[in-house]
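[1] Here is the input, now give the coordinates:
(chains A and B)
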Amino acid sequence: MKETMLPKNLEHRLQQAVSAVLPDANTDSVLVRPCPDPKFGDYQSNALMALAKERKMNPRQLAIDVVAKLDVSEWCEKVEIAGAGFLNFRLKPGAIAGALQEAAKMKDPFVQKAVKPRTVVVDFSGPNIAKPMHVGHIRSTILGDSLARILRLLGHKVITDNHIGDWGTQFGKLLVGWKNHLDRTALEKDPISEMERLYKLVNSACETDEKVLESARQELVKLQNGDGENLAIWREMIALSETQFARVYGRLGIKFDHTFGESFYNPRLKTVVQELRDKGIAQESEGAICVFSDGSLPPQKDPLLKQEDGKSKPNPCLIQKSDGAANYATTDLATLAYRLETWQPDDIAYVTDGRQQLHFSQIFSIFKRWHPEAKTKLAHVWFGSILGEDGKPFKTRSGDTIKLEDLLDEAQERAFKVVQEKTTGLPESQQREIARVVGLGAIKYADLSPNRQSDYVFSWDKMLALQGNTAPYLLYAYTRIRSIFRKLGEEASTAPVNFLLAAPDEITLAKHLLNFGLTLEAVAEDYRPNFLCTYLFELAGHFARFYENCPVLKSEGPERASRLALCDLTGRVMKQGLEMLGIETTEQM
RNA sequence: GCACCCAUAGCUCAAUUGGAUAGAGCAUCUGACUACGGAUCAGAAGGUUAAUGGUUCAACUCCAUUUGGGUGCACCA
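    Numbers count the residues shown, from 1 in each chain, chains lettered A, B, ... in the order given. From the prediction side, this is the model:
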């Protein structure tokens, strides 16, 4: 095992020691974590207390027995037993220097590839055809992309799939609008706005005029039955929308392995419904095909039941409407089946907002009954809403949803104003480029740094602030590192150096670098990129203190070489960490 | 009505298998060699984690009840 993964090495040894004392114990939960407070040491394990409790043993005695079997002397001082049974590990300075030495030679320092790589499908973004991408899409898009990047770096096989909304009842209305009210000139100028106008026009007409609603239904049926004209229009709408998607994803630096829209699964829908009926999972009710509870779950936890007057009542999931058409549950089940057959994934992560929790818990529960043999773990990676500064859903002043492209424009424009002030010596083109990186980075970081499940308040001033836990602060820390190397110029060398860690601030910085991989694993485990944000913010803080107190260019000899190498490693970790959040870096700002 | 989610410092947010004295940033106050880039750093102050009870050696975290907010609940996705 590589020396750069010191916490992993400790964990491995500790697990062996536990096995030596308790041969039948499951050591999966015997973990080593960074200490919350450096006074306890560098790493700690709390696992023995839990283990002792399980077995009704004395935790301190168990700790004594385990420590007797534990040899980590090549990396640590004597392992200390504290409190109720904490194990505290304190790294030897030589071990830290050795780890950095190894890391400096590696392509991905402080990251360990997964021992058992998993195949993970990440389903995110999911915009709709003929509609503008808006703020509602941003969290899914940014979270999903970050998770995919991190899982890939950790050595997993990742398949990203953009499940776009290219089918459904809205196309009936869109077709009526297209055929009767289309403005070709407007369409050429701004296709998305024109299609949105058509939809809104027909949609409001439907509310007052039964005839319009009926014609929308008929157009939809024709489309579903493969009518040539309607299919052609539908394809044109898709093509026009894809231009928009490509533009937005291009700006955000996001790529998908697949973009199988909902329509891709149309040929499979009938089979899904038939299979579920054949297996007795689905049945007819009021003309629709539904899945009811099979009673295998406790009533309180069963998503296919609801409680009323103290009694359980059915809360079925519809998989076919009474008019014979499929709905989104059908499509989701068909999608699931396709993914299972095609990729045999270990995990599928659905990155959508929290309002779909009931839907996904129903889908997951149906899936278990449909494919009881499947080992695939399904995760609904849900997130909260973006709120305006008034605490209500984020909208424009006039109450419309905010278009994603306008949001990105504004981020860059606002960043440009700041960059202009701070970098007066640079040409405008370069200032624009810096503003692009800073503006987009600010949006992404603001989205990723809170716990995904909490709603967060969107604030331009906070995300673009130059101090505090923001993208500009992290990017600034990176440019300070790069500035050192720019100044160094020709002198820069790639020759291996010996790390001499003496000053407290350089030791703290060095130790923090060791935890990069551990942090990425924690993100992957819970699908929470905010852990990485916190890590990078702390890294920037440790670097700032080091930079303040430990002269680099002004120092001499081996100390200078060591500090330069430490700066270089810090810069590499910072850059890679930001890249894992989908954030670019800039050399100057 | 039922279900899910949330409530942490003045504000915005953290808190890695239940772990050690609940942490940051902003704002406020104080300070730092006229700066290897000051878009910086150091310090102070700020808390009954909505309330009550329970489980535990240990609870922001788990359980129960209550209060206040958000969201969702058969033929939209």
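
[2] Spell out which parts of the stretch 1-150 of chain A neighbour RNA strand B.
    Counting by C-beta under 7 Å from any atom of the strand, the residues of the stretch 1-150 of chain A close to RNA strand B are A:29-31, A:33-37, A:39-41, A:44-47, A:49-50, A:53, A:59, A:82-86, A:88. C-beta coordinates here come from the backbone N, C-alpha and C atoms, glycine included.

[3] Need the buried ones from the residues you listed selected in PyMOL.
    PyMOL command restricting those to the buried ones, with burial defined by 16 or more other C-beta atoms under 10 Å:
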select buried, chain A and resi 30+31+34+40+41+44+45+46+47+49+59+85+86+88
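
[4] Among the residues of the stretch 1-150 of chain A next to RNA strand B, which are located in strands?
    Among these, the members found in strands (DSSP state E) are A:33-34, A:44-45, A:82, A:86, A:88.

[5] Distance to residue A:263 and pLDDT added to these, as CSV?
    CSV is the format used below for those (distance: C-beta to C-beta, whole Å; pLDDT from 0 to 100):
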residue, distance to residue A:263, pLDDT
A:33, 47, 94
A:34, 48, 94
A:44, 53, 96
A:45, 52, 96
A:82, 60, 92
A:86, 56, 94
A:88, 58, 96
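
[6] And for the residue in the stretch 451-589 of chain A that RNA strand B sits nearest to, nearest residue in space, chain neighbours not counted?
    Among the residues of the stretch 451-589 of chain A, residue A:468 lies closest to RNA strand B, at 2.1 Å counting by C-beta to the nearest atom of the strand. Leaving aside its chain neighbours, residue A:468 sits nearest to residue A:462 (7.5 Å; criterion: C-beta to C-beta, 6 or more residues apart in numbering).

[7] Look at residue A:584 and say how many residues are nearby.
    By the criterion of other C-beta atoms under 10 Å, residue A:584 has 16 neighbours.

[8] Is it in contact with residue A:440, as I believe?
    Yes: the pair residue A:584 / residue A:440 is scored as a contact, 7.4 Å apart, by C-beta atoms under 8 Å.

[9] Residue A:185 - that's part of a helix, no?
    Yes: per DSSP: H, G, I helix; E, B strand; the rest coil, residue A:185 lies within a helix segment.

[10] what are the ranges of the strands in the stretch 401-550 of chain A?
    For the stretch 401-550 of chain A, strands defined by DSSP state E, counting those that start in this stretch occupy the ranges A:456-457.

[11] low-scoring stretches of the stretch 51-200 of chain A, by residue?
    Along the stretch 51-200 of chain A, no part satisfies pLDDT under 70.

[12] scratch that, the stretch 301-450 of chain A
    Along the stretch 301-450 of chain A, the model assigns pLDDT under 70 to residues A:309-310.

[13] what residues does it put near RNA strand B?
    Neighbours of RNA strand B within the stretch 301-450 of chain A, by C-beta under 7 Å from any atom of the strand: A:301, A:306-309, A:314-316, A:318, A:321-323, A:325, A:327-328, A:331, A:354-359, A:384-385, A:387, A:391, A:393, A:418-419, A:422-423, A:434, A:438, A:449-450.

[14] Show me the domain layout of chain A.
    According to automatic domain parsing, chain A comprises the domains A:6-91, A:119-164+A:263-383, A:170-260, A:404-580.

[15] how far does the second one stretch from start to finish?
    Domain A:119-164+A:263-383 has an end-to-end distance of 23 Å (C-alpha to C-alpha, to the nearest Å).

[16] Kindly report the same for the third one.
    Distance between the two ends of domain A:170-260: 19 Å, counting by C-alpha to C-alpha.

[17] Quick check: the gap between residue A:250 and RNA strand B.
    24 Å (C-beta to the nearest atom of the strand, to the nearest Å).

[18] Next: residue A:368.
    With C-beta to the nearest atom of the strand as the criterion, residue A:368 and RNA strand B are 18 Å apart.

[19] cool, and residue A:62?
    Residue A:62 is 11 Å from RNA strand B, by C-beta to the nearest atom of the strand.

[20] secondary structure class for that residue?
    Quick answer, by three-state DSSP: residue A:62 is helix.

[21] Now do the contacts for it.
    By C-beta atoms under 8 Å, 6 or more residues apart in numbering, the contact set of residue A:62 is A:21, A:48, A:51-52, A:85.

[22] 10 Å instead, please
    Neighbour list for residue A:62: A:18, A:21-22, A:48-49, A:51-53, A:55, A:81, A:85 [criterion: C-beta atoms under 10 Å, 6 or more residues apart in numbering].

[23] before we move on, what about residue A:153?
    A:108, A:111, A:113-114, A:517, A:520, A:524, A:576, A:579-580.

[24] re the thing from before, give me the buried subset of the residues of the stretch 301-450 of chain A next to RNA strand B.
    Applying 16+ other C-beta under 10 Å to these, the neighbour count classes A:315-316, A:318, A:327-328, A:331, A:359, A:384-385, A:387, A:418-419, A:434, A:438, A:449-450 as buried.

[25] Pull up the overlap in contacts between residue A:584 and residue A:440.
    Common neighbours of residue A:584 and residue A:440 (C-beta under 10 Å, 6+ apart) are residue A:253.

[26] Residues of the stretch 151-300 of chain A that sit close to RNA strand B?
    Residues of the stretch 151-300 of chain A found near RNA strand B, taking C-beta under 7 Å from any atom of the strand as the criterion, are A:165, A:168-170, A:262, A:285-288, A:290, A:300.

[27] Out of the residues you listed, give me the one that has the most neighbours.
    residue A:262 leads these on contacts (other C-beta under 10 Å) with 23 neighbours.

[28] Hmm, residue A:164 and it touching each other?
    Yes: with contact defined as C-beta atoms under 10 Å, residue A:262 reaches residue A:164; the gap is 7.2 Å.

[29] Give me the pLDDT for the residue nearest to residue A:468.
    The model reports residue A:462 with a pLDDT of 89.

[30] Check the gap between the residue of the stretch 1-150 of chain A found nearest RNA strand B and residue A:81 for me.
    Using C-beta to the nearest atom of the strand, the single residue of the stretch 1-150 of chain A nearest to RNA strand B is residue A:49, 2.7 Å away. Counting by C-beta to C-beta, to the nearest Å, the separation of residue A:49 from residue A:81 is 11 Å.

[31] and what of residue A:340?
    Remark: distance between residue A:340 and residue A:81 (C-beta to C-beta) = 48 Å.

[32] Residue A:456 too?
    41 Å.

[33] what does residue A:241 give?
    On the measure of C-beta to C-beta, residue A:241 and residue A:81 end up 62 Å apart.

[34] now residue A:560
    For residue A:560 relative to residue A:81 (C-beta to C-beta), the value is 41 Å.

[35] hmm, back to that, return the residues in contact with the residue of the stretch 1-150 of chain A closest to RNA strand B.
    A:59-60, A:62-63, A:83-87.

[36] what do residue A:49 and residue A:81 both touch?
    Common contact partners of residue A:49 and residue A:81 (C-beta under 10 Å, 6+ apart): A:59-60, A:62-63, A:87.

[37] Let me have those in a markdown table, adding distance to residue A:556 as columns.
    Listed next are those as a markdown table, based on distance: C-beta to C-beta, whole Å:
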| residue | distance to residue A:556 |
| --- | --- |
| A:59 | 51 |
| A:60 | 50 |
| A:62 | 51 |
| A:63 | 46 |
| A:87 | 41 |
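
[38] which one among those residues gets closest to residue A:157?
    residue A:87 (35.0 Å; C-beta to C-beta).
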